[in-house]
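Asks: any chance you can model this:
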Amino acid sequence: MSGPGRLSPLGTARERFLRGRERGFEEHNPEPLLPPELLRAAEGFELDDAVLYQAWELTRCAPRLDRRGQRALLLLAVAALVNLRRGSTRLPLSGKPYEELLKTLGAKDTDLRAISALLESAGRGEGPAADLVGAPGDYKPFIVEAGSLYLQRMRHFEDRLVESLGARLASPAESDGARMQAALDEVLAHPPVMGGRRIELSEEQQDAVLTALREPFAVVSGGPGTGKTSIVVSILRALVRLGVAVEKVALAAPTGKAANRMEEAIRKYLAALPEVAGPDAALKVAPPEARTLHRLLGYVPSSDRFRHHANNPLSEQVVIVDEGSMIDLFLMCQLVGAVRPGARLIVLGDAEQLPSVDAGAVLRDLVPADGAHGRSAVRLTHSYRMDPNDPAGRAVYSAASAINAGKPEALLAQVTERAAVAELAYEKVELLPADGAAALEAFLDDWYRRQVRALDGFADIVRRVHTWRGDGQGFDEAARETLDRLFRHYEAARLLCVTRGEARASGAAACNGWMHRTFAEDPAIGLSVPLASASFLPGEPVMMQRNDYGRGLFNGDQGVVLRVAEPGESSHHFRAVFPTREGFRPFALEGLRAQLVHAFAMTVHKSQGSEFDRVALLLPEEEMPLLTREILYTAATRARKSVVLVGSRPVLEIGVARKLERFSGIRERLAVR
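Replies: Next up, the predicted model:
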């Protein structure tokens, strides 16, 4: 039981753990101890109880360990799981990163020696931890290989991915290079025209297109503004000229938001093509639909399996995937295995961004570390945001480049520091020192007034009842125009946070709570008092936290709560309205409540695949392991025109200087195949 009348799916052991974690477990208890310093460090990594519980249970599986051994194994298990959360699939068992991680978790020199002794004896098949630690090929929780520690599951999926990728990379490239070049030349002869300017491919973009056309597997990595959409559309245009039917091309991305952005960008690009007959005309009429990777691979939630795999591959001849940095090891393994032999797989993304939320930094592993091109990998280096006519975009790009280079002084030289909230212009890149809760609250109040509530007629839209006429008819034209304005308003600006919880005032949940309370009490909006106690109020932005396949809503999808009157009803209800392929559609809050969170603010991880005109990044109150240049770079590159960095200058400098270490065996194991 988990409290009166509630069942816990993990049973009484988890309940005993949760009750004891705050006390660190009593010294006389035979259960493994949870050192207080480990609990404090876990907060710095934003580890939830599930991670600590997993490490604790692993330690309980070695009952012959004495207290010192229990502590050593517990520290090692937590370090392995922290390492996994940070995007690595293995943990080096020596060197500065290893020692720094363990010491951050509270390990002393005696603990490091105890861990070494424990692993050494287990490596010989001896000692009380021998049942938990093994070598490659063993079916044990931990695997030690070449001086690194793997969780057995991660070692298994690395094996599968290396085998699948190795076979694909060993396949011969397309031999008819002249035919590939002729198709590209025809594409280049008819460029799109946007803003009165011909959009022509640079040499490196042409190289990326030819690599994708030629190789059975290709990776294209580039930062913001490097023209990845131009490359995707050029690949599509060349493919149809090479006789590949449009329906035999699949477009996909890890999230619904990223898939929608991919499809919208492609449609906009195709619409800018000159009016010519032939392949382009057919492509403009019916471009391929972009889907989430889970939809493409046929994920079945009831069985937690995919319909498409090596024994039932996808039928498409070409699969093009965007936002590759968001793909974790497991999903990449599933994707590569599901692409049939002889078909092409093309993955695009930014290898410098944060890795996926789950384990793996596969895109970075597949791009040459020295910045050079490989046979199957192209790294784009030139950004077209450096348009002299767009100083705002140029400023954001330059700041992001300084962050990515790990140069705090170069970043600060480009940042305008504001002494007070009132000085903020929300232009280019600004730094607002915010020491203490009062300073942060002053900024949140300014953001609320100047960004959230700034839309003309906002209060009227919030109070209005929008009539839904049912499937097939949707909202009427006036309502659609209003909803379009409201969604474009919310898509223009967003608060981004390093942490997700409520423990810190700068966390996403804490900021959303502040915004929700302010929204409910705002006299300019005029919500009645009873509504202030509702979880979600009309006019508030919301975001899906999990996939809901029955409703066609996916993790990361963003909507707005509104008052909606439906056919045959005399009164209205609060509904979560989401944009779909068929237009705006309302969903009952009762069925979604457990899957929704407010989206005034979101974590940087959740923002991947999105773009906004303006972002504000709330730095944590003190430096912490989560704050790295990758998270700062990803946040800055979400913005087109304005970035406001809110927090301490020293904390910002530490974050820019700290590089997130990702450890994996994929690159080196592919190199020796």
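
Asks: could you list the low-pLDDT ranges of the stretch 451-600 of the chain?
Replies: 528-533, 568, 570 (pLDDT under 70).

Asks: now the strands for it?
Replies: For the stretch 451-600 of the chain, the strands defined by DSSP state E, counting those that start in this stretch cover 465-467, 493-497, 541-544, 558-565, 573-580, 583-588, 596-598.

Asks: for Ala310, which non-adjacent residue is spatially closest?
Replies: Gly337 (4.5 Å; C-beta to C-beta, 6 or more residues apart in numbering). C-beta: built from backbone N, CA, C; applies to glycine.

Asks: still on that earlier bit, which one of the strands of the stretch 451-600 of the chain is the most hemmed in?
Replies: Ranked by mean neighbour count under mean count of other C-beta atoms under 10 Å, the strands of the stretch 451-600 of the chain are led by strand 493-497, which reaches a mean of 26.

Asks: so where do the helices sit in the stretch 51-200 of the chain?
Replies: 67-85, 96-104, 109-123, 152-170, 177-188 (DSSP state H, counting those that start in this stretch).

Asks: and the closest residue to Ala492 other than its chain neighbours, what pLDDT?
Replies: The shortest distance from Ala492 to any non-neighbouring residue, by C-beta to C-beta, 6+ apart, is to Asp613 (4.6 Å). With respect to pLDDT, Asp613 scores 94.

Asks: same question for Gly225.
Replies: Gly225 is assigned a pLDDT of 79 by the prediction.

Asks: could you confirm it falls within a helix?
Replies: No - per DSSP: H, G, I helix; E, B strand; the rest coil, Gly225 lies outside any helix segment and is coil.

Asks: that older thread, does the residue nearest to Ala310 touch Ser164 like I think?
Replies: Yes - counting by C-beta atoms under 8 Å, Gly337 does reach Ser164; the two are 5.1 Å apart.

Asks: name the residues contacting each of the two.
Replies: Common contacts of Gly337 and Ser164 (C-beta atoms under 8 Å, 6 or more residues apart in numbering): Ala310.

Asks: just after the helix or strand bottoming out on mean pLDDT in the chain, pick out the following helix or strand.
Replies: Using mean pLDDT, DSSP states H and E, helix 11-21 stands out as the lowest-scoring helix or strand of the chain, at a mean of 55. Sequence-wise, the next helix or strand downstream of helix 11-21 (DSSP states H and E) is helix 36-44.

Asks: tell me what angle that following helix forms with helix 67-85.
Replies: 10 degrees (axes from the mean of the first three to the mean of the last three C-alpha atoms, to 10 degrees).

Asks: list the buried residues in stretch 419-432.
Replies: Across stretch 419-432, burial judged by 16 or more other C-beta atoms under 10 Å covers Val421, Leu424, Tyr426, Lys428, Val429, Glu430, Leu431, Leu432.

Asks: and stretch 514-528, by the same measure?
Replies: Trp514, Met515, His516, Thr518, Phe519, Ala520, Asp522, Ile525, Leu527.

Asks: mind listing what's buried in stretch 159-178?
Replies: Arg160, Leu161, Val162, Ser164, Leu165, Arg168, Leu169.

Asks: list the contacts for Tyr448?
Replies: By C-beta under 8 Å, 6+ apart, the residues touching Tyr448 are Met515, Thr518, Phe519.

Asks: verify the stated contact: the first one with Leu444.
Replies: If I follow you right, that is Met515. Yes - using C-beta under 8 Å, Met515 is in contact with Leu444, at 7.1 Å.

Asks: state the distance from Thr634 to Pro254.
Replies: Between Thr634 and Pro254 the computed distance is 14 Å (C-beta to C-beta, to the nearest Å).

Asks: ok, Val144 next?
Replies: Val144 is 31 Å from Pro254, by C-beta to C-beta.

Asks: neighbour count winner among the two?
Replies: Pro254 (29 against 21; other C-beta atoms under 10 Å).

Asks: wouldn't that one be in contact with Phe330 here?
Replies: No - using C-beta under 8 Å, Pro254 is not in contact with Phe330; the gap is 11.9 Å.

Asks: what's the neighbour count on the residue lying closest to Met624 once chain neighbours are set aside?
Replies: Sequence neighbours aside, Gly44 is the residue nearest to Met624 in space, at 4.8 Å (criterion: C-beta to C-beta, 6+ apart). Neighbours of Gly44 under the rule other C-beta under 10 Å: 18.

Asks: for Gly44, what are its contacts?
Replies: Counted by C-beta under 8 Å, 6+ apart, Gly44 has contacts Thr104, Met624, Pro625, Leu626.

Asks: between these, which is nearest Ser175?
Replies: Using C-beta to C-beta, Leu626 is the member of those that lies nearest Ser175, at 48.2 Å.

Asks: and the closest one, what does it touch?
Replies: Applying C-beta under 8 Å, 6+ apart, we find Leu626 in contact with Gly44, Phe45, Glu46, Val498, Thr499, Pro620.

Asks: doesn't it belong to a helix?
Replies: No - Leu626: not assigned to a helix; according to three-state DSSP it is coil.

Asks: mind putting the contacts of Gly44 into TSV with pLDDT?
Replies: Rendered in TSV, the data for the contacts of Gly44 read as follows (pLDDT from 0 to 100):
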residue	pLDDT
Thr104	89
Met624	87
Pro625	83
Leu626	85
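
Asks: can you redo those as a markdown table with distance to Leu236?
Replies: What follows is the contacts of Gly44, written out as a markdown table (distance: C-beta to C-beta, whole Å):
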| residue | distance to Leu236 |
| --- | --- |
| Thr104 | 47 |
| Met624 | 43 |
| Pro625 | 42 |
| Leu626 | 38 |
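
Asks: now, of these, which are buried?
Replies: Thr104, Met624, Pro625, Leu626.

Asks: and which of those is nearest to Pro650?
Replies: For the buried ones among the contacts of Gly44, the nearest to Pro650 is Met624 (13.0 Å; C-beta to C-beta).

Asks: got a list of what the closest one touches?
Replies: For Met624, the contact set (C-beta under 8 Å, 6+ apart) comprises Gly44, Phe45, Val498, Thr499.

Asks: quick check: the gap between the second one and Leu626.
Replies: Here the distance between Phe45 and Leu626 works out to 7 Å (C-beta to C-beta).
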